[in-house]
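> Model the following, please.
(chains A and B)
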Amino acid sequence: MPVFIIRRLLQSVLVLFFMSLVVFVGVYAIGNPVDILINPQADQADIARAIAALGLDKPLAQQYLIFLKQALAGDLGKSFAYDIPAIQLILERMPATLELALLATGMAVLLGIPLGLWAGLAPDSWPGKLIMAGSILGFSLPTFWVGLMLIMVFAVELGWLPSNGRGPSTELLGVAVSFLSWEGIRHLVLPAVNLALFKLSLIIRLTRAGTREALLQDYVKFARAKGLSNARVVGVHVLKNIMIPIVTVIGLEFGSVIAFAIVTESIFAWPGMGKLIIDSIKVLDRPVIVAYLLVIVSLFILINLAVDIVYSLLDPRVRISEAKG
Amino acid sequence: MQREQTPLQRIVADFAESRLALAGLALFTLILLAALFAPLISPQNPYDLAQLDVLDSRLPPGSRSGDGLTFWLGSDDQGRDILSGIFYGLRISLWVGVASTFCAMIIGLAMGLCAAYFGGRTDGVIMRLVDIQLSFPAILIALILLALLGQGIGKTIFALITVQWAYYARSARSTALVERRKEYIEAAMCLALPPARIVFRHLLPNCLPPLLVIATVQVAAAVALEATLSYLGIGVPITEPSLGLLIKNGFDYMLSGKYWISFFPGIALVLTIVSINLVADQLRDVLNPRLQK
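You can find the predicted model right below:
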């Protein structure tokens, strides 16, 4: 077990290093770093001073080392637009994104597993077919289009729910959250549904396929032969056995929920990291872009690492083959 | 007297078994024709500023413009006919989707075949790259690239190629690994044919069917991703609006009840994606050897 974790940790560090190199090459070698990192409104003397401070007059390899050192110290430059450290700006916006992503994932799980079970237990009934048709649509329709339709129907035509912003937030352990007030919940509903839809379709499909497979297994036939109630057969024997793949996918997909939050946040003007990066790209606030990239890449590596470790705890076969390989 | 079916005839016959897939194909053909002949069938050239009149802006569907033209689907804030905008927008959306998918398939195929044929370190490097890339969602990679490169049709295509090639590389490699062990490759090697000839003339044609299925699905995915990026304002430039950009342009007016500026381009986008997916679904069943009777 420790061997496996150490190997995975080393791999993660390697990927992080690789990604920092990609971001560095993107910013320093392809673009002109003077344009990217220094405020274009600065005067000549300021620019000269900044070039010296950033070490832009040094060879490229040395520049990369300086960039790495500063990134490790958490210094990724100041935002042009807000004039505060870029990394601080992103960390301030992170709770809003995480709240949205967690709620969306929760909704997808709580709705997806029962619906998937239903479709798996009665695949030829009309509700079963309807659920599958819905999940196919959920897969193929672009997230931003679904978001627009939600706004058109529920915010503009019916006027039931607000279409933008976060509403008033409540403090919880020093972090501003929306789900504790009624007004906040009203603001959360549409973006969370929008973000949940794709994952919901995915979980429905996985659960349905798993259920159909499990129903054919001997242990289910045996449980039925024992005269157990249908609820117990499905709730305990089937559900328990299909959980491992579902848990893995939920974990792995959490990262992509955060990535897709970029789209949802932009549509619903939700003040999270995703909206921040789009706004920053539009006004060319490049320190924020660089900082966002490094934060999101680290976040992804962390999620993948956590999922791998949890998975190896759930399934001993994984860690044995990994430790050998 | 029954004649032997050629493989192509069999594929066509199997494909026609599903009415839904045929409907999808018919719809997609219509969309494709509309995109190809946009200049001929559009009531108005949306790029020609002389044909536009600001007085005609934001008219609801079915109203008439100052010079007698009927806006069947309404007009946008510049006084452009929405229907014409959709026809021209489809051209850009489909061009970006098809071009990027095609290039990604060629690159992915070459990389996958090299990995499978040469093995060893080449295989290790290529597949590690694929693994790292596939651990990040497509939209994030495309966003990073476009944030660094800036807007543009060429740049959007480049970003979509970068996002997609890994799928083909992975699939081509796994198919090629299976094919490689078969006797016809052994025979070709015994004849001491040059590696390039073995890879391209013998290995490649046998690895194509699964890649074609991925490619159909990916055209739809690429169109959707391009629309998303353009909607976010980082994809195609405003001078060459794709469907995604048309939808973005109408978004602000949607909140004030003028739904048609965004709604109809949105419907066109969804019909395009769904029709391609219907075709892809059936194609997957038809080309899957395990499902053959």
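> Output the set of residues of chain A in proximity to chain B.
Listed as neighbours of chain B in chain A under the rule CB under 8 Å from any CB of the partner chain: A:15, A:18, A:23, A:26-27, A:30-31, A:136-137, A:140-145, A:148-149, A:151-152, A:155-156, A:163, A:255-256, A:259-260, A:262-263, A:266, A:277-278, A:281-282, A:289, A:293, A:296-297, A:300, A:304. Where C-beta positions appear, they are placed from N, C-alpha and C, glycine not excepted.
> Provide a list of residue ranges in the stretch 1-150 of chain A with pLDDT below threshold.
Of all residues in the stretch 1-150 of chain A, those with pLDDT under 70 make up the ranges A:1, A:27-40, A:53-57.
> show me where it has helices.
Shown for the stretch 1-150 of chain A, the helices assigned by DSSP state H, counting those that start in this stretch span residues A:2-24, A:33-37, A:44-54, A:60-72, A:86-121, A:126-140, A:143-150.
> got it, and the stretch 101-250 of chain B?
Remark: helices of the stretch 101-250 of chain B, listed N- to C-terminal, are B:120-134, B:138-149, B:153-180, B:183-190, B:195-197, B:204-231, B:243-254; assignment by DSSP H, counting those that start in this stretch.
> And for the stretch 151-300 of chain A?
Using DSSP H, counting those that start in this stretch, the helices of the stretch 151-300 of chain A run over residues A:182-215, A:218-225, A:230-232, A:239-268, A:273-282, A:286-314.
> between the longest one and helix A:86-121, how many degrees?
Using axes from the mean of the first three to the mean of the last three CA atoms, to 10 degrees, the interaxial angle of helix A:182-215 with respect to helix A:86-121 works out to 50 degrees.
> report the angle between the axes of helix A:182-215 and helix A:143-150?
120 degrees.
> Show me how far helix A:182-215 is from its chain's centre.
Its chain's C-alpha centre lies 14 Å from the corresponding centre of helix A:182-215 when counted by CA atoms, centre = their mean, to the nearest Å.
> Residue A:160 contacts residue A:154, doesn't it?
Yes: the pair formed by residue A:160 and residue A:154 meets the contact definition of CB atoms under 8 Å, at 5.2 Å.
> Who has more neighbours out of these two?
Relative neighbour count places residue A:154 above the other of residue A:160 and residue A:154, with 17 against 11, counting by other CB atoms under 10 Å in any protein chain shown.
> that older thread, would JSON lines of the helices of the stretch 101-250 of chain B with distance to chain A be doable?
Formatted as JSON lines, these follow (distance: least, CB to the nearest CB, whole Å):
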{"stretch": "helix B:120-134", "distance to chain A": "6"}
{"stretch": "helix B:138-149", "distance to chain A": "4"}
{"stretch": "helix B:153-180", "distance to chain A": "11"}
{"stretch": "helix B:183-190", "distance to chain A": "27"}
{"stretch": "helix B:195-197", "distance to chain A": "28"}
{"stretch": "helix B:204-231", "distance to chain A": "4"}
{"stretch": "helix B:243-254", "distance to chain A": "6"}
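> Can you tell me which of those helices is nearest to residue A:45?
Judged by CB to CB, the one of those that comes nearest to residue A:45 is helix B:138-149, at 28.5 Å.
> tell me which strands and helices that closest one is in contact with?
On a contact count with 3 or more CB pairs under 8 Å, 6 or more residues apart in numbering or on different chains; DSSP states H and E, helix B:138-149 meets helix A:239-268, helix A:273-282, helix A:286-314, helix B:153-180, helix B:204-231.
> okay, the closest residue to residue B:89 other than its chain neighbours: pLDDT?
With CB to CB, 6 or more residues apart in numbering or on different chains as the measure, residue B:243 is the residue that lies nearest to residue B:89, at 4.5 Å, once sequence neighbours are left out. Predicted confidence (pLDDT) for residue B:243: 84.
> thinking residue B:243 is in contact with residue B:267, fair?
No: the pair residue B:243 and residue B:267 does not pass the contact test of CB under 8 Å, sitting 9.7 Å apart.
> more neighbours, these two?
Between residue B:243 and residue B:267, residue B:243 has the larger neighbour count (other CB under 10 Å), namely 33 against 14.
> So which of the helices of the stretch 101-250 of chain B is nearest residue A:130?
Comparison of those against residue A:130 by CB to CB identifies helix B:204-231 as nearest, at 22.7 Å.
> mind listing what's buried in the closest one?
By 16 or more other CB atoms under 10 Å in any protein chain shown, the buried positions in helix B:204-231 come out as B:204, B:207, B:209-211, B:213-231.
> Now do that helix: which elements does it pack against?
With contacts defined as 3+ CB pairs under 8 Å, 6+ apart, the secondary structure elements packing on helix B:204-231 are helix A:143-150, helix A:239-268, helix B:82-118, helix B:138-149, helix B:153-180, helix B:243-254, helix B:260-287.
> What residue, apart from its backbone neighbours, is nearest the residue in the stretch 101-250 of chain A that chain B sits nearest to spatially?
Sorted by distance to chain B under CB to the nearest CB, the residues of the stretch 101-250 of chain A start with residue A:142, at 4.4 Å. Among residues not flanking residue A:142 along the chain, residue B:224 sits closest, at 4.4 Å (CB to CB, 6+ apart).
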